[in-house]
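Chemist: Give me the fold of what follows.
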Amino acid sequence: MQFPIGIAANVAAVILGGLAGSLFKKILPKRAVEMLYMSFGFCALAIGVVSIIRLDSLTVVVLSVIVGGLIGELCRIDSGVQRLIRFTMSRLSRGDDDDSGEKVELLCLAMAIICFSGTGLFGALSEGLDGDHSILLAKSVLDLFTVMVIASSTGKLVVLFSVPQAAIFTLCFFAAGLVSSALTEQAVANFKAVGGILTVMVGYNMLAGQVGLKKIRVLSAVPALVISIALTWAAGLLPFAV
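Modeler: All right, here's what the predicted structure looks like:
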C-alpha cells in the first residue's frame, strides 16, 4: 500500500498554518484579522453551496442533518470537545493563556474544519481506495490559510489538532476498502452535500463571530456525515425514489 501523501500534506499544512498564525498574532492589526475572518467565512459559504447543489437525494440529506444534529446534541459532542479543550489549555497554560469562551469556540471551529470536514474525510477515503490524493492536496492549501487565520486569534494550540486529524484520516485511509461497497455514486453525492451544509455552518460561525450573532455548535452535526451513507443505502432498498 502506498504512502498517504495527501494525509501527510494536510497534516503538515495544519502545523505550518498554526505556527505561522501564532506569529502573525503579534504582527497583524485587529482590523486585518477581522477582514480575513469575513473573507474566509464567505469562501466557506460558497464552497458549501457548491457541494450541496450536487446532492442526489434532498430527503436523505435533510434527514441526515436533522437526525445527526439531534444525536450530536443528545451526546453533547460539542460540549464534550469544549471541556477537553479547556482541560488541555489549563494544562498547557503558563498563567498568561486566555481561556475565554470565544477562544474555546474558535478552537472548536478549528477542530471541525481540520478533523471533520466532509472534503477531508472523503479525501482520505479516496486516497485509500484508489490512491487519489488530489482532494487532500487541494484541502491542504485551503487549510493552511484557514488555520493561519484562526491561529492568529487562538495561538499555536491549534497545531495540536493535527494529531487527531492524522489519526482520523489514517483510519479512513485503511478502512476505505471495508466501506467501498457502501460508497456508491449516490452515497458520495449525499455525503458531500451533508459536508457542504457543515461547511456552510462553519462559514456562518466565522461571520457570526465578527457581527455578534449566535453561533452554531457545528461539531454536534458531525454524525450526519455517517448517517447520510446509511440512509442512502436504506433509500436504495425502497421501490420508489426519495
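Chemist: From now on I want contacts and neighbour counts done on CA atoms only, so please keep to that.
Modeler: Fine.
Chemist: which helix of the protein spans the most residues?
Modeler: Assignment by DSSP state H gives helix 185-211 as the longest helix of the chain.
Chemist: Identify each buried residue in that one, please.
Modeler: 186-209 (16 or more other C-alpha atoms under 10 Å).
Chemist: before we move on, what about stretch 75-94?
Modeler: Buried-residue list, stretch 75-94, by 16+ other C-alpha under 10 Å: 77, 78, 79, 81, 82, 85, 86, 89.
Chemist: could those be laid out in TSV, adding secondary structure?
Modeler: TSV is the format used below for the buried residues of stretch 75-94 (DSSP: H, G, I helix; E, B strand; the rest coil):
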residue	secondary structure
77	helix
78	helix
79	helix
81	helix
82	helix
85	helix
86	helix
89	helix
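Chemist: Of those, just say which sits nearest to residue 13.
Modeler: residue 85 (21.1 Å; C-alpha to C-alpha).
Chemist: Tell me the helices and strands packed up against the helix or strand hosting residue 107.
Modeler: In the assignment (DSSP states H and E), residue 107 maps to helix 101-115. If contacts are counted by 3 or more C-alpha pairs under 8 Å, 6 or more residues apart in numbering; DSSP states H and E, helix 101-115 sits against helix 77-92, helix 134-154, helix 162-179, helix 185-211.
Chemist: Does the third one pack against any helices or strands, and if so which?
Modeler: For helix 162-179, the elements it packs on are helix 5-24, helix 101-115, helix 118-130, judged by 3+ C-alpha pairs under 8 Å, 6+ apart.
Chemist: before we move on, what about the shortest one?
Modeler: Contacts of helix 77-92 with other secondary structure elements, assessed using 3+ C-alpha pairs under 8 Å, 6+ apart, are made with helix 101-115.
Chemist: who touches the helix it packs on?
Modeler: By C-alpha atoms under 8 Å, 6 or more residues apart in numbering, the residues outside helix 101-115 that reach it are 14, 78, 81-82, 85-86, 120-121, 143, 147, 150, 153-154, 158, 161-162, 164-165, 168-169, 199, 202, 205, 218-219.
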